[in-house]
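Dropping the sequence and predicted coords here.
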Amino acid sequence: MTDDKLTATPGQTVGPFYGYAMPFPGDNELVPPGKNGAVQLHGYVYDGAGAPIPDAILEIWQPDGNGTVPRRSGSLRRDGFTFTGFGRNEVDPQGRFVFSTVDPGPTEAGKASFISVVIFARGLLNRLFTRIYLPEDAEALAADPLLASLDPAERDRLIATREADGSLRFDIRLQGEDETPFLRFPGHED
């Protein structure tokens, strides 16, 4: 067969996800709920029309409260006291996700604290990457190179809201006017 007869293999979207394939016990609890210092990170995943996506999966990676990035093997380990910095959560039928975690500390003095997020959802050809910044340190947020590279509206869409109960609220919009800014990394294909 000659090259002019070959056609590209069509792409396939991520998902659908089935309950037996990816979850593990306590996958969304980086720390046990109610533990001293535990904070709830929650929000919704929306499509371009503003409808909730009922079958997305989110993964988060983050440093601990002191800014230390866990370097131990066994990121899926859940023993109630070892902080691994990794969590995974399937959204519920209303598109809501919830993690029990800690506020991450800055990895370097003066740096903004953030949580790295990976989104898998139907209709995506590949996973998406973004960040959730903590709202408290305005000076560190203003100095952050990524946030400084964005226009103010995009910047605001990467900063969580601290709610009255101490939890963090962060909604993810996959498309549209208020789309969450997504990141591209070397070696990551579109």
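Looks like it came in fine. Numbering: from 1, shown residues only.

going forward, measure contacts and count neighbours with C-alpha atoms only.
Noted.

Tell me which other helices or strands the longest strand seen in the chain touches.
Ranked by residue count and defined by DSSP state E, the top strand of the chain is strand 38-46. Counting by 3 or more Cα pairs under 8 Å, 6 or more residues apart in numbering; DSSP states H and E, the packing neighbours recorded for strand 38-46 are strand 96-102, strand 168-169, strand 172-173.

so what strands line up beside the second one?
Using DSSP bridges, the neighbouring strands of strand 168-169 in the sheet come out as strand 38-46 (parallel), strand 161-162 (antiparallel).

Of those strands, flag the one that's most buried.
strand 38-46 (a mean of 21; mean count of other Cα atoms under 10 Å).

before we move on, back to that, which stretch among the helices and strands packed on strand 38-46 approaches residue 62 most closely?
Across the helices and strands packed on strand 38-46, residue 62 has its closest neighbour in strand 96-102 (9.1 Å, Cα to Cα).

any idea how far that closest one is from the chain center?
10 Å (Cα atoms, centre = their mean, to the nearest Å).

avg pLDDT for the following helix or strand past that strand?
Under the assignment DSSP states H and E, the closest C-terminal helix or strand after strand 96-102 is strand 114-120. Mean pLDDT, strand 114-120: 96.

now the helices: where do they sit in the chain?
Along the chain, counting by DSSP state H, helices occupy 138-143, 145-148, 152-156.

ok, back up a step: in JSON lines: the strands paired with strand 168-169, plus mean pLDDT and distance to residue 124.
Shown next, in JSON lines, are the strands paired with strand 168-169 (pLDDT from 0 to 100; distance: least, Cα to Cα, whole Å):
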{"stretch": "strand 38-46", "mean pLDDT": "97", "distance to residue 124": "13"}
{"stretch": "strand 161-162", "mean pLDDT": "98", "distance to residue 124": "27"}
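
Render the CA-only coordinates of stretch 134-148 in PDB, please.
Written as PDB, here are the backbone C-alpha positions of stretch 134-148 (Å, rounded to 0.1, in the frame of the first residue of the first chain):
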ATOM      1  CA  LEU A 134      -5.500  30.100  47.400                       C
ATOM      2  CA  PRO A 135      -7.000  33.600  47.700                       C
ATOM      3  CA  GLU A 136      -5.300  34.800  50.900                       C
ATOM      4  CA  ASP A 137      -1.900  36.100  49.800                       C
ATOM      5  CA  ALA A 138      -2.500  39.000  47.500                       C
ATOM      6  CA  GLU A 139       1.100  39.900  47.200                       C
ATOM      7  CA  ALA A 140       2.200  36.400  46.200                       C
ATOM      8  CA  LEU A 141      -0.700  36.200  43.700                       C
ATOM      9  CA  ALA A 142       0.300  39.500  42.100                       C
ATOM     10  CA  ALA A 143       3.900  38.200  41.800                       C
ATOM     11  CA  ASP A 144       3.100  34.800  40.400                       C
ATOM     12  CA  PRO A 145       4.400  34.500  36.800                       C
ATOM     13  CA  LEU A 146       1.500  32.500  35.500                       C
ATOM     14  CA  LEU A 147      -1.200  34.800  37.000                       C
ATOM     15  CA  ALA A 148       0.700  37.900  35.800                       C
END
